[in-house]
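Novice: A structural model of the following input is requested.
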Amino acid sequence: MEAKERIGCAVMDEPEAAKKVCKVTFLRHGGEPVTVEYEPGVTPYHEHGKEGSLLDVALNSGVDLEHACGGNNACTTCHVIVKQGEENLSEMEEDEEDRLYMADGLTLHSRLGCQCVVNGDVTVEIPDVLDFIRHG
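Specialist: Below you'll find the predicted structure:
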């Protein structure tokens, strides 16, 4: 019997090697949750923020996540709020933390989608920026 290990992502059966598949769920106010599967190191990288970032996963999966600066950590339009699986994201670096303070609706669980790399299953909310503007 083959041993399997779980470190944040599901390990799928493959004849020669184990492959990790992470489930990333995007929540949007008033919309249905969208869950996509992401394979670290396999999913194509199209320079949307850091390789394997929430922004990269979202755009590779057809999920619209704003990114006015192109994922270069120069704005906060890809701000997300982590609802589950925070431990399955890369640690926040100082430059992300500095930029994040400019985000509307900042919470203790806020991250910039372009900077946090997915290492396991995670659920994030994409805030409605217009809601912040309307309700100040």
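Novice: which residues touch the residue nearest the centre of the chain?
Specialist: Nearest to the mean C-alpha position of the chain, by C-alpha atoms, centre = their mean, lies residue 54 at 2.3 Å. Applying C-beta atoms under 8 Å, 6 or more residues apart in numbering to residue 54 gives the contacts 24, 65, 78, 80, 89, 111, 113-114, 116, 118, 122, 124. Yep, even glycine has a C-beta here, placed from its N, CA and C like the rest.
Novice: try 6 Å this time
Specialist: Counting by C-beta atoms under 6 Å, 6 or more residues apart in numbering, residue 54 makes contact with 113, 116.
Novice: quick one: it from residue 119, how far?
Specialist: 11 Å (C-beta to C-beta, to the nearest Å).
Novice: ok, then the element right after the longest strand belonging to the chain?
Specialist: Counting residues, the longest strand in the chain under DSSP state E turns out to be strand 19-28. Following strand 19-28 in sequence order, the next helix or strand is strand 34-38 (DSSP states H and E).
Novice: identify the residues contacting that next one?
Specialist: 21-26, 57, 61, 63, 118.
Novice: lowest-confidence helix or strand of the chain?
Specialist: helix 129-135 (a mean of 49; mean pLDDT, DSSP states H and E).
Novice: what ranges does this protein have for its helices?
Specialist: 54-60, 94-100, 129-135 (DSSP state H).
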